[in-house]
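J.: output the structure for:
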Amino acid sequence: QVQLVESGGGLVQAGGSLTLSCAASGRTFSTYAMGWFRQAPGKEREFVAAVSWDGRSTRYADSVKGRFTISRDKAKITVYLQVNSLKSEDTAVYYCAASRSTYRLVSEADYLGQGTQVTVSS
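T.: Next up, the predicted model:
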């Protein structure tokens, strides 16, 4: 059974930080690009960040560049999203995702987790 399980969400004040984690299991995710999407209330799901299978290449949405950092562990099956300088507009459900390439992951996820809530209070 393929699983992407997120953790690390919560309530944080504006300007604060969180680290989101995603553990992958059930297939060879070590060869997949992994990343994050988010969906705010009343809005469509949007791409946030992606990292290549080997961790060498990353991509970010313009809205999070310079504030968010994506990485993955050496086993390549856990991905992290360090979120800093949080703003109220970052409030959303954050979903872990995996696809066959970072190029594909920017627009489409082959696999998607259940999500973790991040709420930023002003």
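
J.: for the residue nearest the centre of the chain, helix, strand, or coil?
T.: By Cα atoms, centre = their mean, the chain has its centre lying nearest to residue 36, at 2.4 Å. Three-state assignment for residue 36 (DSSP: H, G, I helix; E, B strand; the rest coil): strand.

J.: can I get the CA coordinates of the helix or strand bottoming out on mean pLDDT in the chain in CSV?
T.: Ranked by mean pLDDT, DSSP states H and E, the weakest helix or strand in the chain is helix 102-105, scoring a mean of 92. Extracted in CSV, the C-alpha atoms of helix 102-105 (Å, rounded to 0.1, in the frame of the first residue of the first chain):
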residue,chain,number,x,y,z
THR,A,102,10.2,17.6,-10.5
TYR,A,103,9.0,19.0,-13.8
ARG,A,104,5.9,16.9,-13.6
LEU,A,105,5.4,17.5,-9.8
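
J.: so what strands line up beside the helix or strand following that helix?
T.: Elements were assigned by DSSP states H and E; along the chain past helix 102-105, the next helix or strand is strand 111-112. Within its sheet, strand 111-112 is paired with strand 92-99 (antiparallel), according to DSSP bridges.

J.: check the offset of the partner strand from the chain's centre.
T.: Relative to its parent chain, strand 92-99 has a centroid offset of 5 Å by Cα atoms, centre = their mean, to the nearest Å.

J.: list the contacts of it.
T.: 4-6, 9, 20, 22, 24, 29, 32-41, 43, 45, 48, 50, 79, 81, 105, 108-118 (Cβ atoms under 8 Å, 6 or more residues apart in numbering). No exception for glycine: its C-beta is placed from N, CA and C like everyone else's.

J.: which of the residues you listed are buried, as a PyMOL select command?
T.: Burial among these is assessed by 16 or more other Cβ atoms under 10 Å; the matching PyMOL selection reads:
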select buried, resi 4+6+9+20+22+24+29+32+33+34+35+36+37+38+45+48+50+79+81+105+109+111+113+115+116+118
